[in-house]
Every structure is written in structure tokens, then in C-alpha cells.
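Asker: sequence first, then the predicted structure, then my questions.
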Amino acid sequence: MEKVKHKYVDVRGLKLHVAEIGTGQPRPQFYFVVHLYLIESILHECEFLTNSLCARHIHTHTHIYIYIYIYVTCAGSAVVVFLHGFPEIWYSWRHQMVAVADSGFRAIAPDYRGYGLSQQPKEPEKTTFRDLVDDLVAILDSFKIPKVLLVGKDFGARVAYHFALLHPTRVQGIATLGVPFLLTGPEAFPSDLLPKGFYMLRWKEPGRAEKDFGRLDVKTVVRNIYILFSGSELPAASEDQEIMDLVDPSTPLPPWFSEEDLTNYATLYENSGFQTPLQVPYRAWLEDYGVTDLKVIAPALLIMGEKDYALKFRGLEEYIKSEMVKEYVPNLETIFLPEGTHFIQEQFPDQVNKLILTFLNKHK
């Protein structure tokens with residue numbers, strides 16, 4: 001991980017942290033055959049379309065007219081943006097970032113506003129999913145990246161699809177882990193069909209999770225959530241319990257999650273706290289996409305673990321396996337890993353890396 005570079009980008013009044021590794025390999029994008037008098041306007045248009053000209057090879061010959069051949073390569077064609085979930089952070093993608101960089105891609109993993117090393121907004125309780133999408137647009141613009149491949153985990157999948165709905169021409173492909181494309185709004189999230197002590201309902205209540213988490217140190221909170229979310233059942237507390245009470249202190253960490261990993265997570269959340277992470281996703285979950293056409297035409301990949309607790313959400317497994325989800329994402333491929341849990345990219349990094357790289361290489 002020592003090769004990962006860390007940058008801070010001024011985004012809409014905040015300094016957001018971005019982890020980055022790899023440069024991406026330029027590839028041929030297009031060429032023009034034009035009359036000589038058009039050369040200046042064509043070059044101007046090329047720069048607008050690609051943001052940068054990596055190479056220009058110009059040859060001329062005479063045959064009634066003089067022709068100019070322009071060969072352009074685009075450095076932005078092999079950029080992968082990783083979008084984390086909760087209680088994750090840029091570090092959640094440590095295995096994938098190195099793998100895609102070693103395969104010739106440029107890997108970028110931001111911490112959302114109010115997460116990890118990114119600056120807190122002045123009013124965390126007003127943060128929305130649209131804020132995260134608009135922040136991503138600003139980050140890409142600051143890096144002069146016109147088009148990307150998106151990889152989202154957990155609610156990062158929702159950010160990826162929200163971005164694709166609003167900015168379809170900037171997306172080459174979308175891979176998500178643990179969560180498919182989902183509809184939004186109260187009808188799509190019938191809280192009356194969920195256990196009353198379900199963690200999302202508890203954490204949706206302002207102040208409740210803060211009080212629950214406040215009884216423990218940050219490291220223990222992250223540890224407990226990792227243990228809970230690594231299970232195959234929906235985390236739900238009884239009336240006399242809070243969510244943190246569901247974990248026995250003697251329960252070990254999952255074997256693929258080390259004490260060093262836990263320390264790294266804890267350090268980042270000690271910096272940011274949990275106020276914004278509780279707002280987005282949990283308290284902003286019913287926010288709509290802001291568009292009427294809910295079809296994502298970009299090629300997409302969904303990787304799910306067969307033992308992911310998310311499959312216990314009412315109707316979710318049928319929604320995926322019956323391919324109802326393809327009504328909204330028609331170019332979707334779904335792959336299940338038999339022993340996979342919710343943190344599948346950390347649990348089985350080699351398998352997930354292979355699947356992601358196959359997808360990325362096909363659509364870069």
C-alpha cells in the first residue's frame with residue numbers, strides 16, 4: 001500500500017481525500033481525416049472531447065486537396081473509481097486498487113464528505129446522496145477525467161447508479177458488490193415489513209445510534225459492525241437492546257480481517273466520527289434519484305455472496321435471481337460466490353479481483 005498516493009481536492013467548499021494508484025494506459029480513441037483548413041477547429045474539438053491529447057501524429061500528402069490525419073489517444077479511458085460503503089472507507093479497496101493498477105488502470109478511491117480523511121460539511125445532517133454524486137463530478141473534473149468505470153460496494157452501489165442516471169455519457173461500465181440497482185422512496189423500502197429492531201430503522205432515528213456508539217470506543221464500534229455484517233442474518237435488536245449489544249465481546253474478527261485492518265479503520269473513523277456516515281446512507285435513504293427515466297444502459301456487473309445478509313431483505317434475492325433488476329439495468333451480468341458474505345471484496349480478494357478485471361478489460 002506504500003505506492004498509494006493521497007491527495008486532497010477542493011470540492012464544493014470542502015477538502016476531500018482521494019487515494020490513488022496507477023496511471024492508466026493510453027489507448028487509441030479516434031482519428032480524423034480532414035481538409036487542411038479545418039485543422040485548427042478539429043484540434044480544438046479534440047481537446048474539448050478528451051481533455052488532453054497524449055499524442056499527435058500528423059502526416060500530409062498532396063492529391064487535389066491536402067489532408068491531415070490526426071491520431072488521438074485518451075489517458076482518461078482506463079480510470080476506475082471505487083466507491084465505498086459503511087463502515088468502510090477508501091482502505092476497503094486496498095486489494096482491488098493494487099490489482100487494477102498492476103493491470104494498467106488508474107485507480108481512484110475517494111472518502112466521501114464527512115468520512116475518513118475528508119472534511120466534514122458544516123451541516124452533516126443535511127448531507128444527501130446527490131451531494132456525493134456532485135462531489136464525484138467535481139473530483140473527476142478537477143482531474144480532467146471525462147469518463148470512468150465505476151465500482152461500488154454496499155451503498156456505494158447506489159452512488160454509482162445515481163451518478164450513471166444523471167451523467168450517463170461519463171460512465172463506461174458499473175460493477176457493484178453486495179447491492180444491486182434499487183428503487184428509492186417509501187414504497188421501495190417498506191419499513192413495516194422489517195423487524196422493528198432492524199439496524200437500518202434504528203440508525204435512521206436521529207441521535208439513537210450516536211448514543212449507542214457513544215458507549216464504546218470507535219475501534220469497538222467498527223469491530224462490532226464488521227462482525228455483524230459478516231453474518232448471514234439481518235441484524236436486529238430486541239426492544240431492550242441496542243445494535244451494539246448484539247455482539248458478544250468475545251466474538252473474534254472474521255479471519256480475513258486483521259487487527260491491523262481494524263486499527264486502520266478505527267484511525268480513519270476517529271478522525272471523521274459517525275455523524276455524516278449515519279446521515280448518508282441511513283437517514284437519507286428515501287431520497288429519490290431526481291430523474292424520471294430509471295434505466296441504466298451502461299454495461300454492469302453485480303457480484304453477490306450467497307451468504308450475504310442483504311439477501312434476507314424481503315424480495316431482494318428474487319429481484320436479483322429472477323432478473324427483475326434487468327428491467328432497470330438491461331446489460332447486467334450477475335455472479336454469486338457460494339461462501340461470500342457482505343464484505344466479499346475483503347473476504348475473497350483474488351476471486352473478486354479476477355471478476356472485476358475481466359469486466360473492466362471488456363469495457364475499458
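Answerer: Yep, that arrived.
Asker: how near is residue 315 to residue 177?
Answerer: Distance of residue 315 to residue 177, computed by C-beta to C-beta, to the nearest Å: 20 Å. Just so you know, the C-beta spots here come from the backbone N, C-alpha and C atoms, and that holds for glycine as well.
Asker: more neighbours: which of the two?
Answerer: Neighbour count, other C-beta atoms under 10 Å: between residue 315 and residue 177, residue 177 has more, with 27 against 11.
Asker: for residue 172, helix, strand, or coil?
Answerer: strand (DSSP: H, G, I helix; E, B strand; the rest coil).
Asker: again, but for residue 121
Answerer: Three-state assignment for residue 121 (three-state DSSP): coil.
Asker: over to residue 86?
Answerer: Here residue 86 is coil, with the state taken from three-state DSSP.
Asker: tell me if I'm right that it and residue 154 touch.
Answerer: Yes. Counting by C-beta atoms under 8 Å, residue 86 does reach residue 154; the two are 6.4 Å apart.
Asker: relative to residue 336, how far out is the residue nearest to residue 346 when sequence neighbours are not counted?
Answerer: Spatial nearest neighbour of residue 346, chain neighbours left out: residue 256 (5.9 Å); criterion: C-beta to C-beta, 6 or more residues apart in numbering. Separation of residue 256 from residue 336 (C-beta to C-beta) stands at 18 Å.
Asker: got it, and residue 17?
Answerer: For residue 17 relative to residue 336 (C-beta to C-beta), the value is 33 Å.
Asker: the two - which one has more neighbours?
Answerer: A count of neighbours by other C-beta under 10 Å puts residue 17 above the other of residue 17 and residue 336, at 23 against 17.
Asker: residues contacting that one?
Answerer: For residue 17, the contacting residues are 6, 7, 8, 90, 110, 111, 116, 117, 118, by C-beta atoms under 8 Å, 6 or more residues apart in numbering.
Asker: rerun at 6 Å
Answerer: When the contact criterion is C-beta atoms under 6 Å, 6 or more residues apart in numbering, the partners of residue 17 are 8, 111, 117, 118.
Asker: the residue nearest to it when sequence neighbours are not counted: how many residues sit nearby?
Answerer: In space, and not counting its chain neighbours, residue 17 is closest to residue 117: 3.6 Å by C-beta to C-beta, 6+ apart. Other residues lying near residue 117 total 19 when counted by other C-beta under 10 Å.
Asker: kindly report the same for residue 321.
Answerer: Residue 321 has 13 nearby residues by other C-beta under 10 Å.
Asker: residues contacting it?
Answerer: Per C-beta under 6 Å, 6+ apart, neighbours of residue 321: none.
Asker: could you report the pLDDT at it?
Answerer: At residue 321, the pLDDT value in this model is 97.
Asker: now do the phi/psi pair for it.
Answerer: When read as degrees, to the nearest 10, the backbone of residue 321 gives phi -70, psi -30.
Asker: residue 140: which element?
Answerer: In the assignment (DSSP states H and E), residue 140 maps to helix 129-142.
Asker: that should have said residue 221, apologies.
Answerer: Using DSSP H and E, residue 221 maps to helix 218-229.
Asker: and that helix, what does it pack onto?
Answerer: Applying 3 or more C-beta pairs under 6 Å, 6 or more residues apart in numbering; DSSP states H and E, we find helix 218-229 packed against helix 259-272.
Asker: and the helix it packs on, how far out from the chain middle?
Answerer: Offset of helix 259-272 from its chain centre (C-alpha atoms, centre = their mean, to the nearest Å): 20 Å.
Asker: do stretch 299-313 as well
Answerer: 15 Å.
Asker: repeat that for stretch 284-292.
Answerer: Stretch 284-292 has its C-alpha centroid displaced from the chain centroid by 17 Å (C-alpha atoms, centre = their mean).
Asker: go on, stretch 256-266?
Answerer: Worked out by C-alpha atoms, centre = their mean, stretch 256-266 lies 20 Å from the chain centre.
Asker: residue 186: what's its closest spatial neighbour, skipping adjacent residues?
Answerer: Closest residue in space to residue 186, ignoring its immediate chain neighbours: residue 286 at 5.9 Å, by C-beta to C-beta, 6+ apart.
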